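*Asks:* Got a sequence here, can you build the structure:
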Amino acid sequence: MSRSLLSDVASKDIPDAVGRLLVIPIGALEAHGPHLPLGADLLQAEATARELAEQYPCFVAPGVPYGVCPGSRVFPGTVSLQPSTLARLLADIGEEFYRMGFRRFLVVSGHGAAAHMAALRDGIGDVVRRHPEAKAAVLCDYEFVYELRGKVAPSTDGHAGLLETSRVMALSPDLVGTERPVVDYRVHRFSVGDPSREEWPESVIGDTHGASADIGQKIQAHVRKRLLESVQAIFGGS
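*Replies:* Next up, the predicted model:
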C-alpha cells in the first residue's frame, strides 16, 4: 500500500496502516496580512506532513483547519476556538484512531500560539494518559523555521513575515498576493491581553520585502531535515 494520505486509503486497508506512525496536521483559520491566505498554517503543516511521509513510514490524517488564535481575532477572517474545544477535539480524534489500532501519534501544527500548543498537548496527552501503550509527540514546525532567524531573516521576524511569506511562496505561490508589508509589532513580551490595532496594525510581524520562493525552499528543506531527525529520535529510525 503506497498511499500515505489516510483519506485515500480504503476501509479494508486500515489493518495494514495501523502499524505506522499517524501524523495529524493542525492549522488555524487566521489573518496573515494582506498577502497570505487565511489557511496558511494548515497549508504548511499538511505540506510538511506529506514530505515526512516520503522519508518515514507514516500515514497523514486529514488536517484540522481551526485553532486557538485570540491575538489576531481583531483582523477579518480569523476564527479562534476555545482551548478546551481544541483539546477535546484532538482527544476525540486521537481516541478514534487508537480504537482502530494506531498507537503512535505525531501532531504537527503550523500555528504556534502558546494556548494553541498547550491545548494540543492536553488533547493528545489525554489519549496517552488513558492508554499507556500509546506514544505521542506535539510540535509546531515553526520551532524549526525560527531556528533560521538571524540567518536568512532578521531575528525579529515573525508571523506572516519574511520567513513565512517565503515558505508559502515556495509551497503555494498562486496563493501569495503582491503586497509586501512592513510591520513593527509593538507588544511587549510580558504584556497580558490581546494586542490593539495601535500595537499591531496588521497581522504581520516584520519586513516581507526580501521574501522569495528560493528562500522558502531552503526553509522547507531545513524543516524537513529537522522534523525527520526529531521523529527518528522520538519514534525510532527507519
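*Asks:* Pull the distance from the longest helix anywhere in the chain to the chain's centre.
*Replies:* Using DSSP state H, we find that the single longest helix of the chain is helix 213-235. Centroid separation for helix 213-235 versus its chain: 13 Å, with CA atoms, centre = their mean, to the nearest Å.
*Asks:* quick one: Ser230 and Leu139 touch, right?
*Replies:* Yes - with contact defined as CB atoms under 8 Å, Ser230 counts as touching Leu139 (6.9 Å). For glycine as for every other residue, the C-beta is placed from the backbone atoms N, C-alpha and C.
*Asks:* More neighbours: the two, which one.
*Replies:* Higher neighbour count among Ser230 and Leu139: Leu139, with 20 against 16, using other CB atoms under 10 Å.
*Asks:* Would you double-check that the more buried one falls in a helix?
*Replies:* No - using DSSP: H, G, I helix; E, B strand; the rest coil, the assignment for Leu139 is strand, not a helix.
*Asks:* The helix or strand bottoming out on mean pLDDT in the chain: which residues count as buried?
*Replies:* Of all helical and strand segments in the chain, the minimum by mean pLDDT, DSSP states H and E falls on helix 14-17, at a mean of 86. Along helix 14-17, these residues count as buried under the neighbour rule (16 or more other CB atoms under 10 Å): Ala17.
*Asks:* shaky segments in the protein?
*Replies:* Scanning the chain for pLDDT under 70 picks out 1-2, 238.
*Asks:* gap between the residue lying farthest from the centre of the chain and Met100?
*Replies:* The C-alpha centroid of the chain is most remote from Lys12, which lies 29.9 Å away (CA atoms, centre = their mean). Using CB to CB, to the nearest Å, we find Lys12 at a distance of 13 Å from Met100.
*Asks:* Secondary structure element for the residue nearest to Val138 when sequence neighbours are not counted, which one?
*Replies:* Spatially, and ignoring its direct neighbours in sequence, Val138 is nearest to Val107 (4.4 Å; CB to CB, 6 or more residues apart in numbering). Following DSSP states H and E, one finds Val107 within strand 104-109.
*Asks:* Mind listing residues that contact that strand?
*Replies:* Residues outside strand 104-109 that contact it (CB atoms under 8 Å, 6 or more residues apart in numbering): 20-27, 41, 45, 48-49, 52, 58, 67, 90, 94, 97, 116-117, 120, 124, 127, 134-141, 227, 231, 234-235.
*Asks:* Then stretch 72-82?
*Replies:* Against stretch 72-82 from outside (CB under 8 Å, 6+ apart): 28-31, 38, 66-70, 89, 159, 194-197, 200, 202-203.
*Asks:* Having no further points to raise, I will conclude here.
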